[in-house]
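Student: here's a sequence, model it:
(chains A and B)
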Amino acid sequence: MTPLLEIKDISKAFFGIKAVKDVSLTVNKGEALGLIGQNGAGKSTLMNLIGGVVQASSGTMTMNGAAYDPRSPSDAYKAGIAFIHQELNLFTNLTIAENIFIEAFPSRGVGPFKFIDRATMRQQTQTALQSVGLDLSPDMHVDRISPGERQLVEIAKALHQDASLIIFDEPTTSLTARETERLFALIQQLREQGKAIIYISHILNDVLKLSDSIAVMRDGVLVGHDATSKFDVNRMITLMVGHSIETLYPPRTAVPSRDPLLELKGVSAKGIVEDIHLTLHKGETLGLFGLMGSGRTELARILFGLDSSERGEVVINGTQLNGKSPRSSIRNQMAFVTENRREEGLLMNINIADNIALVSLPAFAQSVTQVVDQRRLVRDTQSAAGALQLKSGLITEQPAKSLSGGNQQKVVIAKWLLSRPTVFIMDEPTRGIDVGAKYEIYSIIDQLAATGSGILFISSELEELMGMCDRILVMSRGEIVGEFTREQFNQEAILRAAFREKAQTA
Amino acid sequence: MSIRDERLNTPLVGQQAAPNAPQPLSARFGFIRRLLLSDYFVLYLTLIFFIIASIFFQTLSLPSNIANQLQNMWPLLAAAIGQTFVLILGGIDLSIGATMGITSVVGAIVMAEKLDPAFFDKSPLWGSLMTEAGGILHGQESAVLVGVLVMLAVGTLIGFLNGYAITRFNMAPFMVTLVTSTFFSAFALWLTQSRNISGLPEAFVNLGKGDILSVYPGPKLTSEIARRDILPLITYPLVIAGGLGIAAQFLLSRTVFGRQMYSIGTNRRASTISGLPSRRVITLVYMFSGFCAAVASVLYSARLAIGQPSLGGGNLLLDIIGAAVIGGTSLFGGKGTVRGTFFGVAFFVLLLNILNAMRLSPFIIDAVKGGIILIAALLDITRTRLANREVRA
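Tutor: Numbering: from 1, shown residues only, chains lettered A, B, ... in the order given. Here you go, the predicted model:
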């Protein structure tokens, strides 16, 4: 039997760095392939190659035995490949029916007088929605339906296109438990109909449950591909990281003291955070864990003066913070590594040196004329970059956007280091960076704590908090619902706290 | 460290990336690429354009024409500098023309030495600030100085209104400056009942025309040299607009303020989080734009020797934006230099000169101008792409 999709020795390089190296892989009809790997392992690039978003540097693909060389996403669409992205790609201002038919509207009429055939559109949409078990009107605007329903609409769209291969990229991140169940049942059903599935996820148990075979990628290379029955979670992790888990985190050298550095007393903002009390000590790495929407990022933004609060005090180094702006927070030696580097951390088109100098630019200027001392700026930014082992070309020439995720994050950290802060708020500092760079970021965090800074480490990855923090606070629905010291660290207990109400964890 | 990505172990800091395999294509076009990427690209283009055009139209290279064209440049440059600043922030200032009109009128109301009642007796200011004897300070020694200062102050104030509305109420710059533009151009027309105010003091008119240093290129045959044979070399407009340009370029490239402008224009959110005083910088830049418009107004009004309510009307605003864009300023913010804008203005003035020399109909001229701006914008996209590829290589 010819495989549905066959990939042979495919490679793709960006900026001279290979993101995918000589990967060969086959997917058969009715097969569900689970694809796993760390962030930056090359999964997305591989999928973008299949989806025609990027073109391969070398290697070939065949679909149903015929050569397949997609130049654009529409080539992939024509070949029967549907891509269901992590961030859904529906037009929220259009109706469900319009979204499903966006590639080719059915029309009616003669010659140049063609009109969209709404009746046909509605009717066929109804059929497509029924096939995914969704009971919605085809005329419903997409912005009025839930993320889970949108996902199903995307699948309905794929079915309508008669796709033979459906790729799911982290489909469950924004779904509720019930919606996830529904999705899994549907995927099972699709397989029985002979559709091939590629399922990408970080939730390893889901992959085990759903797939027939599992492919593991690391550093752009396919490091394992076998029947699912031959895998368990341990083997999957070992293959993904290439090491045993203990070495994911650097040894902690920092010892937290008892001197409070930052204190929050009853900070509240209606509907966002409620009566937050916390103390961060010198040399301490304090984890802040919570699920999406628990208020962890919102708390950080309030703390840094980006958003306003209604009640409560913030005391830093013994002085009460009055001004509510990033400027006054920075003056009080605070630093904020935001969760999205691209939008809030970096000036992507601007060179590395100017990015690093951004916060402390006035310090590089002659006080009266405000003329920037460029030589001192280059020297100091260079040494900050060197201290963090930034891998880059000329820092005065290379724009921040050309760096890898990990190095971009180092630029953000270097930027704050120059302003000599004592309190670091780090919101998802390792999101979207590869495992080696993660280790380096962890080491930097440890060094910062060792020099007496306090770090508020916000993350949705519980494992890294357990690996790096002295203490973990758990947030849920805007409140702190649990506190765990290092000795009490227990994945299950912390997760239970994050999911449940206050009463059950106290 | 026990885990390291093998990629990360390759030291790149301070090292040149290994040279790529020879690329015959890029080698062949290396010269063109270097030319395209040069900061002086528009200047070269202007010079080449000028040389070719002057073969066909000899009048172009006459010293008197060159001097005349340079005189056309300075007021446009002054206004374009302000617009460049605003564009670097990712904003736009549509009120430049209206600011020029209202400041021109206000200056004339301060300075005018006589006013014709037949024209102005319907003006709301007639009898109070405007009389038959002239403007507020008519005949007084300080009139010109005060008049110019009032003009600059009014321009800066309009800029402040723009900046305040944009930063405090988060209104779109396009909207805000469109409103101030409409309001102040109407206000200028109302004050003057749509009449030009003539009779400005000689000292003021000198600012627009006066030479500091002149040359006479011909042989000295008679003891008297005709005025038209003397070519102005250094003029007040050159000193004023040139000085403004140099100061602006210095501010932009060397000071904290200038750096912060580029940062805010590139990513305002990241800049604010990094503690930059975004609102203050934005407000100050709009004030500077208003100030520059007022300087342009001083130069134009003095040159025309009138206070003209419609001074900045017509296509002037688009010429200013066009000149900035040709000079490499991005409408998306974060990119642009005063030097580039200077070249852009020179290019624009030369272009108009050539089109006039070709005796094209004014209707065609605008169409050609539009085409040239389009080509310049396309070239800029090509330049950006090339520059990006340069970084990757």
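Student: please report phi then psi for the closest residue to A:Leu299 other than its chain neighbours.
Tutor: Spatial nearest neighbour of A:Leu299, excluding adjacent residues (Cβ to Cβ, 6 or more residues apart in numbering or on different chains): A:Val273 at 5.1 Å. Glycine gets a C-beta too; all of them are placed from N, C-alpha and C. Dihedral pair for A:Val273: phi -130, psi 150, per degrees, to the nearest 10.
Student: shaky segments in the chain?
Tutor: You didn't pick a chain, so chain A it is. A:1, A:15-16, A:39-40, A:86-88, A:173-174, A:243-247, A:323, A:434-435, A:500-506 (pLDDT under 70).
Student: correction: the question concerned chain B.
Tutor: For chain B, the ranges with pLDDT under 70 are B:1-29, B:215-230, B:388-393.
Student: the strands in it, which residues?
Tutor: Shown for chain B, the strands assigned by DSSP state E span residues B:211-215, B:231-235.
Student: tell me which of the ones you listed sits most buried.
Tutor: Greatest average neighbour count among these goes to strand B:231-235 (a mean of 17), per mean count of other Cβ atoms under 10 Å in any protein chain shown.
Student: neighbouring strands - and their directions - for it?
Tutor: strand B:211-215 (antiparallel) (DSSP bridges).
Student: check contacts around A:Glu343.
Tutor: B:Asn267, B:Arg269, B:Ala270 (Cβ atoms under 8 Å, 6 or more residues apart in numbering or on different chains).
Student: mind listing the strands for the stretch 51-200 of chain A?
Tutor: Secondary structure of the stretch 51-200 of chain A by DSSP state E, counting those that start in this stretch: the strands cover A:58-63, A:66-67, A:81-84, A:107-110, A:113-116, A:165-169, A:196-200.
Student: you'd agree A:Val223 is in a strand?
Tutor: Yes. According to DSSP: H, G, I helix; E, B strand; the rest coil, A:Val223 belongs to a strand.
Student: what about it, how many residues nearby?
Tutor: Other residues near A:Val223 come to 16 when the count uses other Cβ atoms under 10 Å in any protein chain shown.
Student: cool, and A:Glu179?
Tutor: A:Glu179 has 18 neighbouring residues, counting by other Cβ under 10 Å.
Student: now do the same contact list for it.
Tutor: A:Ser146, A:Pro147, A:Gly148, A:Glu149, A:Gln151.
Student: A:Lys114 contacts A:Arg108, doesn't it?
Tutor: Yes. With contact defined as Cβ atoms under 8 Å, A:Lys114 and A:Arg108 form a contacting pair (7.1 Å).
Student: for the stretch 151-300 of chain B, what lies in contact range of chain A?
Tutor: The stretch 151-300 of chain B comes close to chain A at residues B:254-257, B:259-260, B:262-263, B:266-267, B:269-277, as judged by Cβ under 8 Å from any Cβ of the partner chain.
Student: of those, which belong to helices?
Tutor: B:254, B:256-257, B:259-260, B:262-263, B:266, B:269-273 (DSSP state H).
Student: dump these into TSV; add neighbour count as well.
Tutor: TSV is the format used below for these (neighbours: other Cβ atoms under 10 Å in any protein chain shown):
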residue	neighbour count
B:Arg254	18
B:Val256	21
B:Phe257	20
B:Arg259	25
B:Gln260	21
B:Tyr262	21
B:Ser263	26
B:Thr266	25
B:Arg269	15
B:Ala270	26
B:Ser271	24
B:Thr272	19
B:Ile273	25
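Student: tabulate the residues you listed (CSV), appending distance to B:Thr46.
Tutor: Converted to CSV, these look like this (distance: Cβ to Cβ, whole Å):
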residue, distance to B:Thr46
B:Arg254, 26
B:Val256, 33
B:Phe257, 30
B:Arg259, 29
B:Gln260, 31
B:Tyr262, 25
B:Ser263, 31
B:Thr266, 28
B:Arg269, 38
B:Ala270, 36
B:Ser271, 34
B:Thr272, 39
B:Ile273, 41
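Student: okay, now the domains of chain A?
Tutor: Domain ranges of chain A: A:5-244, A:245-333+A:421-506, A:343-420, per automatic domain parsing.
Student: now the stretch 401-506 of chain A against chain B: closest residue?
Tutor: A:Gly436 (3.0 Å; Cβ to the nearest Cβ).
Student: quick check, that residue in a helix?
Tutor: Yes. When classified by three-state DSSP, A:Gly436 is found to be part of a helix.
Student: so it makes contact with A:Gly406?
Tutor: Yes. Judged on Cβ under 8 Å, A:Gly436 makes contact with A:Gly406 at a distance of 7.3 Å.
Student: those two: which is more packed in?
Tutor: A:Gly406 (25 against 19).
Student: looking at the domains of chain A, which is closest to B:Arg168?
Tutor: domain A:245-333+A:421-506 (14.6 Å; Cβ to Cβ).
Student: helix/strand/coil for A:Ala19?
Tutor: strand.
Student: excluding chain neighbours, what is closest to it?
Tutor: A:Thr45 is the one closest to A:Ala19 (Cβ to Cβ, 6+ apart), at 4.2 Å.
Student: most surrounded residue in the contacts of A:Glu179?
Tutor: Of the contacts of A:Glu179, with other Cβ under 10 Å as the count, A:Gln151 tops at 26 neighbours.
Student: distance-wise, check it relative to chain B.
Tutor: From A:Gln151 across to chain B, the span is 29 Å (Cβ to the nearest Cβ, to the nearest Å).
Student: quick check, that residue in contact with A:His85.
Tutor: No. Contact criterion Cβ under 8 Å: A:Gln151 and A:His85 do not qualify, at 10.0 Å.
Student: which residues in the stretch 51-200 of chain A form helices?
Tutor: A:73-78, A:96-100, A:118-131, A:147-160, A:177-192 (DSSP state H, counting those that start in this stretch).
Student: got it, and the stretch 51-200 of chain B?
Tutor: B:63-88, B:96-111, B:117-120, B:143-168, B:173-192.
Student: of the ones you listed, which is nearest A:Asp470?
Tutor: Nearest of those (Cβ to Cβ): helix B:143-168, 41.7 Å.
Student: packing partners for that closest one?
Tutor: helix B:96-111, helix B:173-192, helix B:202-209, helix B:278-304 (3 or more Cβ pairs under 8 Å, 6 or more residues apart in numbering or on different chains; DSSP states H and E).
Student: can I get the ones you listed in CSV with mean neighbour count and distance to A:Gly34?
Tutor: Below are the helices and strands packed on helix B:143-168 laid out as CSV (neighbours: other Cβ atoms under 10 Å in any protein chain shown; distance: least, Cβ to Cβ, whole Å):
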stretch, mean neighbour count, distance to A:Gly34
helix B:96-111, 30, 60
helix B:173-192, 19, 50
helix B:202-209, 17, 77
helix B:278-304, 26, 46
